[in-house]
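Colleague: Generate a structure from the sequence data that follows.
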Amino acid sequence: MQNDLINSKYHVIKVEKTTAPEGMLGENWYLYIIQKGNLSNSIMECKKTGTLKSVTEHAEDVAETINSRNVKGGRK
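Modeller: Next comes the predicted model:
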């Protein structure tokens, strides 16, 4: 049961410096990747500007928000 709970949660697996999306300006872009458990078909890749710390915190907040919505009766 505990293993199922871990595998069903979203978590940040990577935050790294990247280039700006096409048509966008700036040099302080980061790519963050959020994955559900260890499922290779449930991955979100997003880009955001900021510092490594601020983008990492943002990514962790996003994962936490998705997890809380799943607990409150969203899609399981």
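Colleague: And the contacts of the host helix or strand of Thr65?
Modeller: According to DSSP states H and E, Thr65 maps onto helix 52-71. In this structure, residues lying in contact with helix 52-71 by C-beta atoms under 8 Å, 6 or more residues apart in numbering are 8-12, 15, 17, 30, 32, 34, 46, 48-50, 76. (C-beta placed from N, C-alpha, C; glycine too.)
Colleague: Quick check: buried residues in that helix?
Modeller: Applying a neighbour-count criterion of 16 or more other C-beta atoms under 10 Å, the buried positions in helix 52-71 are Val55, Thr56, His58, Ala59, Val62, Ala63, Ile66, Asn67.
Colleague: of those residues, closest to Ser42?
Modeller: Using C-beta to C-beta, the shortest approach to Ser42 within the buried residues of helix 52-71 belongs to Ile66, at 10.5 Å.
Colleague: So what's the predicted local confidence for the closest one?
Modeller: On the pLDDT scale, Ile66 is placed at 93.
Colleague: One more: Ser8?
Modeller: At Ser8, the pLDDT value in this model is 79.
Colleague: Tell me the spacing between it and Ala20.
Modeller: With distances defined as C-beta to C-beta, to the nearest Å, the gap from Ser8 to Ala20 amounts to 34 Å.
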